[in-house]
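Participant: Dropping a prediction and its sequence here:
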Amino acid sequence: MSAADLATDPATFLPEDLLTTFRARAAVHDRENTFPRDDLADLRERGYLRLLVPKELGGLGASLLEASRIQRRLAQAAPATALSMNMHLVVTGAALHGHRLGVGAVRTILETAAAGNLFAFGISEAGNDAMLFDSSTRAEPTRAGGYRVTGTKIFTSLAPVWDRLVVHGRVVDAAEKDPRLVFGVLERTAAVETLDDWDTHGMRASQSRTTRLHEAQIAAQQVLTHTPVGPNPDPFVMGIFGAFELLIASVYTGIAERAITLGTDIATTRRSLATGIVHADDPDIRRHLAAAAIGVDGAVLQLEKVLSDFDALGQGSGGPGDTDHGPRWFLHFSGVKFRATEAAIAAVDQVLRAGGGSQYFRRSELERLSRDVRAGMYHPSTAESVHASYAKAQLGEIGAARIPQER
């Protein structure tokens, strides 16, 4: 393995002793509902914020596939820390995709991240099922070429600590016939209000709080792109969608991988008083753990395939095993996320069934994982939107199909 490979090798980048420390902290932050600032400090020191920044811009030059593997490993120790850091990686991953395709506006994100700034992601809005493709946030143009944005963003991970926030809003312009969106970067000012409202079932340490924007200023030089309302092929938006879905899938896959490890350890150390056999030799226990492993194995294979393809698309130099999925990219992004998170939930549940009643207690790491993994169902793309998208791809819009009338 070369020195360059070692820089982003998961086991080297996140050594086992550091993961042990993260795992111990995770239980405390979950119990106290606090953000893992010590984890962030350790990750900063290791270059996490520069992970997806190209080397020529001062970063570590990792691919999205390499970042996914590192995120899976981090999630095996501290799921909420991994989920939080995902948002920085989504922003820098989208910028990396745009940079590879020659989009000049995203360079500022990569350079700012290389300088040690932490990015968060303010896109989600209550009731906005269109997500990236529409917004209830108002973006009013300024004379200087920027925007004043007003609205409420939900699930803003890294809320207590971010340095820069990527947001979008619908442009308020009566002269425009066709509605459009603007994407840009905000700095933390008095116009950006962070609520202290995060008290959830799982992923508690992510502190993904609500953010209110009160005419917050996107400077002209911080405007990233404009898009029409609705699905579109904008490189930065595609980068956000792809990086978000695939890195989210990575976190929940990592949680399931950790659960399987714990389940295996439990099965090989417990013995049934009724039968006298080790649980690892019990057919029912074996079936539960095998089902978990089968589901997660499939999730890893599809996740790594689409990540490799996405990296190749951005670099414009796909190898013999890489595929350009054309109009189906967005379907594959959302499909992988849905299948991986559902497989992760199912796997953790199978391990819980195999682990016995002691795993129901709060002192159990599996108990915490069982709560954290369920957050996966709430991230876009949801089960409903994925099924709707696939149905549309197969059947067209509702009402488009017509049965010919007999004459």
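Facilitator: Structure received.

Participant: Please count neighbours and contacts with C-alpha atoms only from this point.
Facilitator: OK.

Participant: Next, please give the residue ranges for the helices of the stretch 1-150 of the chain.
Facilitator: 3-8, 10-13, 16-32, 37-45, 64-75, 79-100, 107-114 (DSSP state H, counting those that start in this stretch).

Participant: and those, which is most packed in?
Facilitator: helix 79-100 (a mean of 27; mean count of other Cα atoms under 10 Å).

Participant: I'd like to check the angle between it and helix 37-45, please.
Facilitator: 30 degrees (axes from the mean of the first three to the mean of the last three Cα atoms, to 10 degrees).

Participant: tell me what helix 79-100 is packed against?
Facilitator: Helix 79-100 is packed against helix 64-75, helix 107-114, strand 119-122, helix 235-269, helix 283-315, helix 365-372, with contacts defined by 3 or more Cα pairs under 8 Å, 6 or more residues apart in numbering; DSSP states H and E.

Participant: next SSE after the last one?
Facilitator: Spelled out, it's helix 365-372. helix 383-395 (DSSP states H and E).

Participant: Out of the helices of the stretch 1-150 of the chain, the one nearest R170 is which?
Facilitator: The closest of the helices of the stretch 1-150 of the chain to R170 is helix 79-100. By Cα to Cα, the value is 19.6 Å.

Participant: quick revisit: list just the one of the helices of the stretch 1-150 of the chain that sits closest to H387.
Facilitator: helix 79-100 (23.7 Å).

Participant: mind checking pLDDT for the residue nearest to the spatial centre of the chain?
Facilitator: Centroid-nearest residue in the chain, with Cα atoms, centre = their mean: I248, separated by 2.9 Å. I248 carries a pLDDT value of 98.

Participant: Over to R143: give its phi and psi.
Facilitator: Main-chain dihedrals, R143, degrees, to the nearest 10: phi -60, psi -20.

Participant: how much space is there between it and T225?
Facilitator: Distance, R143 to T225, using Cα to Cα, to the nearest Å: 18 Å.

Participant: ok, these two, which is more surrounded?
Facilitator: More neighbours surround T225 than the other of R143 and T225, with 17 against 8 (other Cα atoms under 10 Å).

Participant: Sticking with the more buried one, tell me its helix or strand.
Facilitator: Judged by DSSP H and E, T225 forms part of strand 223-228.

Participant: Among the helices and strands packed on helix 79-100, show me which one is buried the most.
Facilitator: The most buried one of the helices and strands packed on helix 79-100 (mean count of other Cα under 10 Å) is strand 119-122, showing a mean of 27.

Participant: and it, what other elements does it pack with?
Facilitator: By 3+ Cα pairs under 8 Å, 6+ apart, strand 119-122 packs against helix 79-100, strand 147-156, strand 164-171.

Participant: repeat that with 10 Å
Facilitator: With contacts defined as 3 or more Cα pairs under 10 Å, 6 or more residues apart in numbering; DSSP states H and E, strand 119-122 has these neighbours: helix 79-100, helix 107-114, strand 147-156, strand 164-171, strand 180-187, strand 209-218.

Participant: Off-centre distance for the second one?
Facilitator: It refers to helix 107-114. 20 Å (Cα atoms, centre = their mean, to the nearest Å).

Participant: quick one, which of the helices and strands packed on strand 119-122 is nearest to Q71?
Facilitator: Taking the helices and strands packed on strand 119-122 one by one with Cα to Cα, helix 79-100 is closest: 6.1 Å.

Participant: quick one, that closest one and helix 64-75 angle?
Facilitator: Using the same axes, to 10 degrees, helix 79-100 lies at 170 degrees relative to helix 64-75.

Participant: mean confidence score for helix 79-100?
Facilitator: So the average pLDDT for helix 79-100 ends up being 97.
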